[in-house]
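K.L.:
got a structure for you, letters missing:
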């Protein structure tokens, strides 16, 4: 079945540093990927929609200069948390839909970010 | 208003019993899709089942079935013969509008299901 690989699974960084999270669709092409954020014991909140070859669409309240998204190919989207602060600590998870069709949205395994 | 409402923060169910997880939704779009995902403690989101707004029959996937009551805007998940491995968070989600491949999902707050041996 379709697989979305997300890396790293967890990362600890110092405040002020930048962290890059990768999301790859391994066996299908994804023209659109979605980045979600999940706080402990809460639901997934959509941060942005990543479109291959164009600028990402950010949800209201999400700082695009802080959360940089690059969707350079049909199989790779990256989320960079710039100048991370402790309040950015969260679980980040990406998802992708097969450009060839289908209703399923495939999710990566998520990245737990802890900013010290 | 909440687009997806899951009113059960947590549920405890005896192993082998059936369980119903509630989900109501709110949309004015005639075309939409409803999803259920399972999130175990590892964090991954596992797709369980999908129901389209124009589907005439309730969706089924193995032990999972979706009780779709369109007039009541309800899309409850039914798990038959529950197993210990079913213990997880369960999220109901909705896609508004036709599926053109780039529509986002809106998630409910989830229900934590615990299966008791």
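P.N.:
It's in. None of the values given here were measured: they were computed from a predicted structure.
K.L.:
residue nearest the centroid of chain B?
P.N.:
Nearest to the mean C-alpha position of chain B, counting by CA atoms, centre = their mean, stands residue B:36 at 3.2 Å.
K.L.:
And for residue A:3, the neighbour number?
P.N.:
13 (other CB atoms under 10 Å in any protein chain shown). Placement of C-beta: from N, CA and C, glycine included.
K.L.:
wait, residue B:34 sits on residue B:66?
P.N.:
Yes - between residue B:34 and residue B:66 a contact is recorded at 7.1 Å, counting by CB atoms under 8 Å.
K.L.:
Mutual contacts of the two, please.
P.N.:
Both residue B:34 and residue B:66 are in contact with B:51, B:75, where contact means CB atoms under 8 Å, 6 or more residues apart in numbering or on different chains.
K.L.:
Enumerate every residue touching the residue nearest to the centre of chain B.
P.N.:
Applying CB under 8 Å, 6+ apart, the residues near residue B:36 are B:21, B:23, B:48, B:49, B:64, B:66, B:75, B:77, B:90, B:91, B:92, B:93.
K.L.:
Nearest residue to the third one in space, ignoring adjacent ones along the chain?
P.N.:
Right, the one you point to is residue B:48. Distance criterion CB to CB, 6 or more residues apart in numbering or on different chains; nearest residue to residue B:48, sequence neighbours excluded, is residue B:36 at 4.4 Å.
K.L.:
need the next SSE after the helix or strand containing that neighbour, C-terminal direction.
P.N.:
Following DSSP states H and E, one finds residue B:36 within strand B:32-39. Under the assignment DSSP H and E, the closest C-terminal helix or strand after strand B:32-39 is strand B:46-52.
K.L.:
Give the rounded mean pLDDT of that following strand.
P.N.:
Averaged over strand B:46-52, pLDDT sits at 93.
K.L.:
okay, the angle between that strand and strand B:32-39?
P.N.:
160 degrees (axes from the mean of the first three to the mean of the last three CA atoms, to 10 degrees).
K.L.:
How about chain B: which residue is closest to chain A?
P.N.:
Minimum separation of chain B from chain A (CB to the nearest CB) falls at residue B:45, amounting to 3.7 Å.
K.L.:
who touches that residue in this structure?
P.N.:
Contact analysis of residue B:45 by CB under 8 Å, 6+ apart lists A:44, A:93, A:95, A:107, A:110, B:37, B:38, B:39, B:91.
K.L.:
how about 7 Å then?
P.N.:
By CB atoms under 7 Å, 6 or more residues apart in numbering or on different chains, the contact set of residue B:45 is A:93, A:107, B:37, B:39.
K.L.:
Quick one: buried ones out of those?
P.N.:
A:93, A:107, B:37, B:39 (16 or more other CB atoms under 10 Å in any protein chain shown).
K.L.:
So what angle separates the directions of the helix or strand the first one falls within and strand B:32-39?
P.N.:
According to DSSP H and E, residue A:93 maps onto strand A:90-96. Taking the same axes, to 10 degrees, one finds strand A:90-96 and strand B:32-39 inclined to each other by 130 degrees.
K.L.:
beta partners of the residue nearest to residue B:48?
P.N.:
With DSSP bridges as the criterion, residue B:36 is bridged to residue B:49, residue B:92.
K.L.:
coming back round to it: quick check on the contacts of residue B:36: which are buried?
P.N.:
Counted by 16+ other CB under 10 Å, those give B:21, B:23, B:48, B:49, B:64, B:66, B:75, B:77, B:90, B:91, B:92, B:93 as buried.
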